[in-house]
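[1] A predicted structure for the sequence below; I have some questions about it.
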Amino acid sequence: MPRKTHKPHKGLQKRVKLTSSGKVKRHRAGKSHRMSRRSWTATRVRRGRRAEICPACDAKVIKALLGVG
């Protein structure tokens, strides 16, 4: 009997990227608009713009949803 393959989660595919070493890169939530109402320093705003590497515990679940080993 052939092994079942899982379809990749299309919504997640658009939100994360895999690095060449297999780590998962993503952006933090809540940093896209309405930033002027929040009392953050410019440094913290810039910190929210750059991507971050997911922790290993989250990466395992994300890779399973993407259909990657």
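    Arrived safely.

[2] Which residues belonging to the lowest-mean-pLDDT helix or strand in the chain are considered buried?
    Least confident helix or strand of the chain, by mean pLDDT, DSSP states H and E, is helix 42-49 with a mean of 76. Judged by neighbour count using 16 or more other Cβ atoms under 10 Å, the buried positions of helix 42-49 are Gly48. All C-beta atoms are positioned from the backbone trio N, CA, C, and that covers glycine.

[3] Repeat that for stretch 62-69.
    Using 16+ other Cβ under 10 Å as the test for burial, stretch 62-69 gives Ile62, Lys63, Leu66.

[4] Now do the helix ranked longest in the chain: distance to the chain's middle.
    The single longest helix within the chain, with elements called by DSSP state H, is helix 56-66. Remark: helix 56-66 is offset 10 Å from the chain centroid, using Cα atoms, centre = their mean, to the nearest Å.

[5] Send over it as PDB, restricted to the C-alpha atoms.
    This file holds the C-alpha atoms of helix 56-66, laid out as PDB (Å, rounded to 0.1, in the frame of the first residue of the first chain):
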ATOM      1  CA  ALA A  56      13.100  24.200  17.700                       C
ATOM      2  CA  CYS A  57       9.900  23.200  19.400                       C
ATOM      3  CA  ASP A  58       7.800  25.400  17.000                       C
ATOM      4  CA  ALA A  59      10.000  24.500  14.000                       C
ATOM      5  CA  LYS A  60       9.100  20.800  14.400                       C
ATOM      6  CA  VAL A  61       5.400  21.500  14.100                       C
ATOM      7  CA  ILE A  62       5.800  24.000  11.200                       C
ATOM      8  CA  LYS A  63       7.900  21.500   9.200                       C
ATOM      9  CA  ALA A  64       5.200  18.800   9.700                       C
ATOM     10  CA  LEU A  65       2.600  21.200   8.400                       C
ATOM     11  CA  LEU A  66       4.800  22.100   5.400                       C
END
